[in-house]
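>>> 3D, please:
(chains A and B)
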Amino acid sequence: MRVQLKVDPDADARGGGTRERKRSSSPLSIRDGLTAATCALIGMSAGIARAGEIESAVLLYSEQDRVTVFEGTAKGRVPLGGSGRAVGFRLILDALTGASANGAVPSRGIQTFTSASGRSSYQSEARRTPLNDTFQDTRVAGGVSWEQPLDRLSKGTFGLDLSWERDYRSAGLSAVFSRDFFLRNTTVVGGGSVSWDQVDPLGGAPDPLASMPPPGSGGGDDDKARLEDDDEDEGGPAKNKTSVDLMLGVTQVINRSTLVQANYTRSRSVGYLTDPYKLLSVVDGTPGASLGDPVDYRYEKRPDTREKQSLYGEAKHHFDRDIIDLSYRYLWDDWGITSQTVDIRYQWQRDGPTYWEPHFRLYRQTAADFYERFFVDGAPLPEFASADYRLGGMTAYTAGLKYGWSIGENRRAGIRLEYYEQQSDDPADGGDEILPGFELSPTVRAGILQFDYAFDW
Amino acid sequence: MNRPRADRPRRAVVAAALILAAGALAGGCARLGVQPWERDLLSETSMRVGGEGIDIMIDDHIYFSKEASSGGRGVGGGGCGCN
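Reported below is the predicted structural model:
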């Protein structure tokens, strides 16, 4: 056993647990050793010996020519005495402005689009990817959780989550149980959650695959016809979705410096999974001067169930000063989407209470079976179709750097700058013959700037 | 949307992974790990798993909004109609 014991003159001032304090002296102090041993014996999970903590952050996410999001968020965990019980909370405020690709393809001329109700319209420039710039939304989301020891080695965590936007509401319940084995070196976690979401788009949810109402038709016959035509199971303009998630995971301490985690999750969503704001262009396929010109626009339609599964693995290793965090996720669903995600963070501890943390992430996904970039006029409509670029084949990467520092004994702060880029695996998207020379799936680029502040006790 | 062709090998992969995990749990895990007084490094905030920090929470929300995949680390959390 390679453990050096030394008396730390500052030990009495410590509550035990923060990264910077322990990192500053790699040999184990008597106080820290006893704290770690005590925590392990009285019931804290493998690798998590901490008391109360509150974290907060402000974030600016900005896409080139598209969406900008300003977000404020806070989360925390407050232990209730020495009972092992704890209360957790999280709060998120999002303000979103800017434009989002509406799914239509670019054209030689200016294109005019209307909202589902026809009450408002927006235009896209010639030869540019049509963007809906009418988005301006605020999201308020929050959650609370309750940690309850069930016996000396087991605990349950029960959560309630709520989210509200002008056109979207969500409520969820979760329960996760964990049990430690083998001197708390192995933790088995199992749990589930259920959430109920409601989409209430302005002007009502459009009929799937129906034509977009022409500009200036607001509140007219088209809207009335649509309401009268609604199927009973669609229940009027507001649409509902229910999701159930289940997970089973194992966390294993390998040695004093390394731990690994493996999870299997399964998720089933039923209900309205369509994006009410996304369109597909219907273009002229006749050879000639009008080849590729838009003739119509239709709303997208996705299946009303989705079942996805994932395998997730994570490893953390402590080099006595630096820490590396590696994770990998393999995900697949019954829409034909398969994805792989690799995420690497390296916490490079500097002299004194500061560190640098480079971050790199690589993500690849295959397209959904029903992903179509556009329709050709006269061709039969498929059962399902979406031109949402998020359902297309893509490769995305993130490269970022964080600088963190501690303030006094129990506070810490950090600033993080990241770059995110999303490239379509097929930028022409089958448009070589009908829409030659147009960039149908342009690269999405975004910058992320975050400042965070946390304290513990 | 039934995809029996693609699902069958995936089910086999999942089943194999679960069996391997169970085997590792029953056999190997008992011999891995540390004594309670060797948890100094593991007890640090940055070494925790399961209760992720605010950076991970924020990142998961961004990628949920921009990609067709989400989750993997756990369950729960609020939905959103992100664009």
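>>> which residues sit in contact with the residue nearest to residue A:192 when sequence neighbours are not counted?
Spatial nearest neighbour of residue A:192, chain neighbours left out: residue A:246 (4.6 Å); criterion: Cβ to Cβ, 6 or more residues apart in numbering or on different chains. For every residue, glycine as well, the C-beta is placed using N, CA and C. By Cβ atoms under 8 Å, 6 or more residues apart in numbering or on different chains, the contact set of residue A:246 is A:191, A:192, A:265, A:266, A:267, B:75.
>>> Among these, show me the least confident.
Among those, residue B:75 has the lowest pLDDT, at 83.
>>> Pull out the buried residues from stretch A:318-334.
A:318, A:322, A:323, A:325, A:327, A:329, A:330, A:331, A:332, A:333, A:334 (16 or more other Cβ atoms under 10 Å in any protein chain shown).
>>> out of these, who's near chain B?
A:318, A:323, A:325, A:329, A:331, A:332, A:334 (Cβ under 8 Å from any Cβ of the partner chain).
>>> got those as TSV, with pLDDT and secondary structure columns?
Output for these, formatted as TSV (pLDDT from 0 to 100; DSSP: H, G, I helix; E, B strand; the rest coil):
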residue	pLDDT	secondary structure
A:318	96	strand
A:323	95	strand
A:325	96	strand
A:329	97	strand
A:331	98	strand
A:332	98	strand
A:334	97	coil
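>>> mind putting the residues you listed in CSV, distance to residue A:140 included?
Formatted as CSV, those follow (distance: Cβ to Cβ, whole Å):
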residue, distance to residue A:140
A:318, 38
A:323, 34
A:325, 30
A:329, 28
A:331, 28
A:332, 33
A:334, 32
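>>> which SS state does whichever residue of chain B sits closest to chain A fall under?
In chain B, the residue that lies nearest chain A is residue B:33 (2.7 Å; Cβ to the nearest Cβ). State at residue B:33, reduced to three classes by DSSP: H, G, I helix; E, B strand; the rest coil: coil.
>>> any idea how chain A splits into domains?
If you go by automatic domain parsing, the domain ranges for chain A are A:1-42, A:43-456.
>>> looking at those, which has the lowest confidence?
Here the lowest mean pLDDT among the domains of chain A goes to domain A:1-42, at a mean of 40.
>>> Would you map the helices across the chain?
Since no chain was named, I'll use chain A. Counting by DSSP state H, chain A has helices at residues A:19-23, A:30-42, A:221-229.
>>> Actually, chain B is the one I wanted.
Secondary structure of chain B (DSSP H): helices at B:4-23, B:54-66.
>>> residues making contact with the shortest one?
This points to helix B:54-66. Helix B:54-66 has contacts (Cβ under 8 Å, 6+ apart) with A:55-57, A:59, A:61, A:71, A:73, A:75, A:90, A:92, A:361, A:363, A:390, A:396, A:402, A:416, A:420, A:422, A:444, A:446, A:448, A:450, A:452, A:454, B:69-70, B:73, B:77, B:80, B:82-83.
>>> Give the buried residues for that helix.
B:54, B:55, B:57, B:58, B:59, B:60, B:61, B:62, B:63, B:64, B:65, B:66.
>>> May I have that helix as CSV, with CA atoms only?
What follows is helix B:54-66, C-alpha atoms only, in CSV (Å, rounded to 0.1, in the frame of the first residue of the first chain):
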residue,chain,number,x,y,z
ILE,B,54,-22.9,21.3,-13.6
ASP,B,55,-20.7,21.2,-16.7
ILE,B,56,-22.1,17.7,-17.6
MET,B,57,-25.7,18.8,-16.9
ILE,B,58,-25.3,21.8,-19.2
ASP,B,59,-23.6,19.8,-22.0
ASP,B,60,-26.2,17.1,-21.9
HIS,B,61,-28.9,19.7,-22.4
ILE,B,62,-27.1,21.2,-25.4
TYR,B,63,-26.5,17.9,-27.1
PHE,B,64,-30.1,16.8,-26.4
SER,B,65,-31.2,19.9,-28.3
LYS,B,66,-28.8,19.4,-31.3
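>>> coming back round to it: among the buried residues of stretch A:318-334, which pair sits farthest apart?
Spatially, the most separated pair among the buried residues of stretch A:318-334 is A:322 and A:334, at 41.4 Å (Cβ to Cβ).
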